[in-house]
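Visitor: I would like to see how this sequence folds:
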Amino acid sequence: MEHATLCIHDFLTTDTQRCINQVILLFSLNSKLNININGKQTSVENNIAIINHSDLFCITHAEQLVELKIPIQQIIPLNQLFFNSYYDAKALHAQEYLKYLILNMIEKLNTMNSMELPQLTELISTLEQETKKSTDYVYIPTIHSENELLNKISDYIQKHITQHIMSKEISSIFYISSSYISILFKKYLGISFKHYVVSLKIALSLNELINSNKTIYLISENMGFNHYANYTHQFKYHLKLTPLAYRKKLNILHNNPITLLTTDISGYSHYFKAYLDDHNQALDNEIINLDHLKYNDLAKQPTIFIHIDNLMDIIQTNLNQKLNFSDLTNCYLLINNVSNLASASLNLNGIVNFIDAIFSNCIGVVIRIKSIEEYKKIEQVISQFLIFKPKYHANGNMYNFMILFDSEYLKLNDINRLYIKVRSLNINIKLAINVEGVLTQTQSLKHTFTLLHRFNFDFNFIDVERSELRTMLLKHSHQFDNVSSYSDYYNKFVTLSKLQPNKCVYSKLTKNHFTQYNQKAPLGISEIMQHTIQLIKNGSAVAYELMNKCMCDVALMNHHGIYEPIVYIMQFLKPFYGKAILIQPNYLVAKDKQCTHLLLFNANTHTTLNKRKFILKQQTIISKLILFIRTLNREHSFIDYALPPIFNDIFIEQSLLKNIERSNMPKSELRHTTYPHTPIEFDIGRDEVKYIRLSPTNK
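Guide: Residues are numbered from 1 along each chain as shown. The predicted structure follows:
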């Protein structure tokens with residue numbers, strides 16, 4: 001196994017090269033780092049740059065550069081699907097923590113040149129949890145150069161990389177000369193066409209070389225090399241050893257050794273002091289001066305949809321009594337299967353009373369329609385509902401009813417006819433559609449967008465977590481690639497469609513959406529807060545499952561019908577809606593006439609301490625204040641710790657469940673204090689969030 005290496009460069013510039021058999025982390029001690037990654041020039045400044053296996057990169061200017069090279073053999077034990085993923089530097093929140101780990105390793109290695117350090121494993125784990133983006137296929141970097149033609153050529157190469165590719169083939173497809181192709185690659189990527197193709201083939205071949213027992217001859221054929229000898233020659237050129245020697249070397253070492261290449265680090269001692277000595281206080285203390293805050297964002301109410309497969313399952317169980325999600329503001333129950341609901345044999349009174357109770361709790365009802373027959377029966381149910389509950393029709397108050405036309409079952413012509421029919425009913429029923437079936441039927445992204453604008457539905461459901469939709473988007477537009485995250489797919493679709501963002505719905509959120517999600521643990525507060533902050537910043541719409549059905553579901557209730565933490569976090573956010581707010585990585589602040597509202601949490605789970613200290617200061621108010629505090633953590637409201645999923649398939653007495661449910665509430669408390677004599681301090685642990693309301697006393 002290769003050693004990881006650490007090095008500090010006073011100055012560094014490089015030619016364009018392919019990163020093969022390693023992942024490279026770079027940061028500048030004096031914030032001077034300019035780098036080109038996959039054709040895109042970036043000024044990294046004081047952030048960490050991540051160069052993935054298979055990436056093209058060129059360091060155009062760097063000073064005081066810290067470089068960590070990690071062989072992929074040290075990463076694969078922590079990520080068995082390494083080749084089907086990449087690390088996204090934009091998703092890295094623990095920047096300072098990783099710098100601390102790296103500089104700490106350099107200090108230790110300064111006295112012992114090479115050794116195994118647990119910090120390296122911790123660093124890789126942090127990358128895995130925070131920045132890993134999984135892909136449906138083996139990761140191939142997408143080129144984002146300033147030349148659109150070159151980007152299209154590289155996209156073609158990416159799709160045909162397992163074939164034998166020559167410049168004359170590219171010439172005939174794109175109607176340009178071979179010499180012009182060479183000019184494009186040299187000018188915009190700093191690398192020859194041949195080097196670009198061959199180096200990518202070598203990088204991709206490591207997947208089969210490591211993860212299969214295929215012969216080297218077969219691997220060379222699979223990667224489009226005409227001759228086995230050519231593959232071996234190119235492999236040795238790029239990795240300094242033959243494919244056979246590479247395979248033999250894989251299992252020589254089983255630890256994680258790391259070597260320091262810089263022999264003298266004394267010239268960087270002042271940087272080390274700044275990062276290491278002051279690390280804990282800078283990272284784990286947060287001072288909030290309430291007198292000098294600028295509220296530049298607006299907290300917008302999100303729209304929440306809750307998936308229910310069969311409404312009768314709810315009506316006929318005690319869950320009916322628990323469906324009070326009024327704290328979620330714009331909230332709808334999305335009924336996916338109405339075949340039983342449309343049956344004449346069911347108790348209509350029960351259905352009408354259930355819908356009335358839902359509406360009374362300010363919750364809407366969405367019915368997914370998959371056939372014309374289903375629509376006819378649902379129209380009858382709505383008519384009967386209005387007869388039994390005339391107040392809705394009399395007041396024009398039917399905005400809580402919505403019909404979702406399922407375009408994967410209904411033809412577009414039928415949807416158009418039903419659309420016209422609903423509008424002619426003279427009832428204010430909202431309408432929605434799912435885009436997957438529209439794209440399947442039109443086979444054109446442009447035509448799909450045109451139809452969606454023409455219909456002008458109230459909501460457009462987009463299920464980017466379904467591989468079928470992502471495959472269609474890849475097929476119909478070069479704007480998408482197979483390495484983008486689910487959120488990237490969703491945001492790009494909304495942008496290209498020019499639909500209003502608040503009319504688009506992320507059809508079903510699962511834990512696979514989160515780059516920091518650890519499958520062996522519940523979804524953490526950090527991930528939930530990142531998600532909900534994006535919701536209120538954009539006024540987005542998203543759909544969750546009502547109850548957990550599988551480990552990857554993001555649901556509002558667990559298997560036993562007890563609220564998950566996300567419901568309480570939505571409660572905490574309610575006082576912020578419609579107000580100007582300040583959004584920071586670890587807290588939110590809003591202010592109205594009488595009160596100041598704060599939401600404190602620990603977004604950075606990778607710290608040297610288990611807690612983050614918040615210090616609230618305010619000099620302008622000297623009267624006594626009342627603090628109303630609600631705390632959510634593993635002891636309060638985090639149901640997966642009080643009732644782990646291992647009990648999902650075990651019978652539990654109802655009395656025990658009721659006791660657990662009663663205890664599954666955020667802790668509430670009141671405090672009394674005086675400013676400015678003593679600042680208020682709060683310690684926020686991992687997986688903890690506090691809502692705090694500061695209000696003056698009446699005295």
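Visitor: Next, count neighbours for Ile140.
Guide: 22 (other C-beta atoms under 10 Å). Yep, even glycine has a C-beta here, placed from its N, CA and C like the rest.
Visitor: Dihedrals phi and psi, Phe405?
Guide: phi -80, psi 120 (degrees, to the nearest 10).
Visitor: Now that it has come up, it's in contact with Ile433, right?
Guide: Yes: if you go by C-beta atoms under 8 Å, Phe405 and Ile433 touch, sitting 4.9 Å apart.
Visitor: got any residues that touch both of the two?
Guide: Ile415 (C-beta atoms under 8 Å, 6 or more residues apart in numbering).
Visitor: which helices and strands sit right next to the longest helix seen in the chain?
Guide: For the chain, the helix with the greatest residue count under DSSP state H is helix 193-211. Contacts defined by 3 or more C-beta pairs under 8 Å, 6 or more residues apart in numbering; DSSP states H and E place helix 193-211 against strand 17-18, helix 72-75, helix 148-159, helix 167-174, helix 178-189, helix 216-222, helix 228-239, helix 243-249.
Visitor: looking at those, which is buried most?
Guide: Of all the helices and strands packed on helix 193-211, helix 72-75 carries the top mean neighbour count, a mean of 21, counting by mean count of other C-beta atoms under 10 Å.
Visitor: Does anything pack onto that one? Which helices or strands?
Guide: strand 22-28, helix 118-131, helix 193-211.
Visitor: One more pass at 7 Å, please.
Guide: strand 22-28 (3 or more C-beta pairs under 7 Å, 6 or more residues apart in numbering; DSSP states H and E).
Visitor: So what touches the strand it packs on?
Guide: Here strand 22-28 makes contact (C-beta atoms under 7 Å, 6 or more residues apart in numbering) with 33, 46-53, 62-72, 75, 87, 99.
Visitor: can you check stretch 62-80 too?
Guide: 1-2, 4-12, 21-30, 32-33, 53, 82, 85, 102, 124-125, 128, 132, 250, 256.
Visitor: Pull out the buried members of the residues you listed.
Guide: 2, 4-6, 8-9, 12, 21-29, 32-33, 53, 82, 85, 102, 124, 128, 132, 256 (16 or more other C-beta atoms under 10 Å).
Visitor: How about the contacts made by Ile363?
Guide: Contacts of Ile363 (C-beta under 7 Å, 6+ apart): 325, 331-333.
Visitor: farthest pair in the residues you listed?
Guide: Largest separation among the contacts of Ile363 by C-beta to C-beta: Phe325 and Tyr332, giving 9.5 Å.
Visitor: Who has more neighbours out of those two?
Guide: Taking other C-beta under 10 Å, Phe325 and Tyr332 do not tie; Tyr332 has more neighbours (26 against 21).
Visitor: Not counting residues beside it along the chain, what's closest to Phe459?
Guide: Ala432 (4.0 Å; C-beta to C-beta, 6 or more residues apart in numbering).
Visitor: Show me how far the helix or strand containing that neighbour is from its chain's centre.
Guide: Per DSSP states H and E: Ala432 is located in strand 430-434. Going by C-alpha atoms, centre = their mean, to the nearest Å, the spacing between the C-alpha centre of strand 430-434 and its chain's C-alpha centre is 25 Å.
Visitor: Note down every partner strand of that strand and its orientation.
Guide: strand 401-405 (parallel), strand 459-462 (parallel) (DSSP bridges).
Visitor: Which of these comes out lowest on mean pLDDT?
Guide: Ranked by mean pLDDT, the strands paired with strand 430-434 bottom out at strand 401-405, which scores a mean of 94.
Visitor: Go ahead and name everything in contact with the helix or strand just after that strand.
Guide: Counting by DSSP H and E, the element after strand 401-405 in chain order, helix or strand, is helix 412-423. Helix 412-423 has contacts (C-beta under 7 Å, 6+ apart) with 372, 375, 403, 405, 407, 429, 431, 433, 438, 441, 451, 455.
Visitor: let's see 6 Å
Guide: 375, 405, 429, 441 (C-beta atoms under 6 Å, 6 or more residues apart in numbering).
Visitor: need the contact list for the first one.
Guide: Applying C-beta under 6 Å, 6+ apart, one finds that Tyr375 lies in contact with 369, 418.
Visitor: so it is in which element?
Guide: Going by DSSP H and E, Tyr375 is in helix 372-388.
Visitor: Please look at Tyr86 and His53 and confirm they touch.
Guide: No: contact status for Tyr86 versus His53: not in contact, 8.0 Å apart, counting by C-beta atoms under 6 Å.
Visitor: Just to be sure, Tyr137 is in a strand?
Guide: No: read with DSSP: H, G, I helix; E, B strand; the rest coil, Tyr137 is coil and lies in no strand.
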